[in-house]
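S.K.: below are the sequence and a predicted model; questions follow.
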Amino acid sequence: PKSTKEAYLTLVAMPTFWIMLGAIIMSNVSQFMTNSQLGVVLQAYDASTMQISGMISMFAIGVLVGRFACGLALDRLPAPFVAVLVMAIPPIGQFLIAADMHNPAVLAGAVLLLGLSYGGEGDLISYMVARSFGIEIFGTVMGLMVAAITLGSTGGAILLRLTLQQTGSYGTFLVVSGIIALIGSMLFLFLPKPEQSRITGVTDAKEQA
């Protein structure tokens, strides 16, 4: 195991770390809304209490499906492409809500998209950290990435307060945070390929045995 100083010195020299850190911060700007304000936002778009209850159930279903789907996708597709897909889904849901179509089915679909991404994100980030940085500094990197999620969410809370003060509605926040999240999701495409030893370590170990 590396010392804390060695771990941080290793990280600051890696473009992969900065790209992933920026992508996660930007992709989680709207997480504050998903975690604590979703019901209020839906109510602002004329959803009834009963409809909101059903939509929250859709969110929970989306989380469950998202976990399974993300795992299946990671076994079959390049991780950066899976990351783009997972992180780009919430902005689509946000844009649908902001469109204010006065259609409960559209709102339910938007909430389902938010749940799908929320379910896949946690497993995705831990997978990509292990794959890109190895196990020696996994705990250090994972801790920083969790902090990045919190930082993005905090920034989103500030953005929400500012936009509500200026406009009195959630529409601006949904659109602006959605655009930021889309840009953040695209950053995953710029991740360098992991070292070959990170990918084939298990195979190499079996061959040596």
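M.R.: Structure received. This structure is a prediction, so every number in the text was calculated from the model and none was measured.
S.K.: what residue ranges in this protein are flagged as low confidence?
M.R.: Along the chain, segments meeting pLDDT under 70 span 1-3, 194-209.
S.K.: would you list every one of the strands in it?
M.R.: For the chain, strands defined by DSSP state E do not occur.
S.K.: helices of that one, residue ranges please.
M.R.: Using DSSP state H, the helices of the chain run over residues 4-12, 15-27, 31-32, 38-44, 49-74, 79-98, 104-133, 138-167, 171-187, 196-208.
S.K.: the first one packs against which elements?
M.R.: To tie it back to what came earlier, the one meant is helix 4-12. When contacts are defined as 3 or more C-beta pairs under 8 Å, 6 or more residues apart in numbering; DSSP states H and E, helix 4-12 packs onto helix 138-167. Quick note: C-beta positions are derived from backbone N, CA and C, even for glycine.
S.K.: what comes up buried for the helix it packs on?
M.R.: Within helix 138-167, the residues scored as buried using 16 or more other C-beta atoms under 10 Å are 140-141, 144-145, 148-149, 151-153, 155-157, 159-160, 163.
S.K.: can you check stretch 107-119 too?
M.R.: By 16+ other C-beta under 10 Å, the buried positions in stretch 107-119 come out as 107-119.
S.K.: out of these, who's nearest residue 180?
M.R.: Distance to residue 180 across the buried residues of stretch 107-119 (C-beta to C-beta) is lowest for residue 117, with 14.6 Å.
S.K.: relative to residue 168, how far out is the closest one?
M.R.: 28 Å (C-beta to C-beta, to the nearest Å).
S.K.: now for the buried residues of helix 138-167, which pair is the farthest apart?
M.R.: Farthest pair in the buried residues of helix 138-167 (C-beta to C-beta) is 140 and 163. Separation: 34.9 Å.
S.K.: who's in contact with residue 80?
M.R.: Neighbour list for residue 80: 188-189, 191 [criterion: C-beta atoms under 8 Å, 6 or more residues apart in numbering].
S.K.: now these in JSON lines, with distance to residue 132 and neighbour count?
M.R.: Shown next, in JSON lines, are those (distance: C-beta to C-beta, whole Å; neighbours: other C-beta atoms under 10 Å):
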{"residue": "188", "distance to residue 132": "11", "neighbour count": "25"}
{"residue": "189", "distance to residue 132": "14", "neighbour count": "13"}
{"residue": "191", "distance to residue 132": "7", "neighbour count": "19"}
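S.K.: out of the residues you listed, which comes closest to residue 41?
M.R.: Nearest to residue 41 among these, with distances taken as C-beta to C-beta, is residue 188, at 26.5 Å.
S.K.: next one: the residue nearest to that closest one when sequence neighbours are not counted from residue 59, what distance?
M.R.: Of all residues not flanking residue 188 in the chain, residue 83 sits nearest, at 3.9 Å (C-beta to C-beta, 6 or more residues apart in numbering). Counting by C-beta to C-beta, the gap from residue 83 to residue 59 is 21 Å.
S.K.: the two: which is more packed in?
M.R.: Just comparing residue 83 and residue 59: by other C-beta atoms under 10 Å the higher neighbour count belongs to residue 83, 29 against 23.
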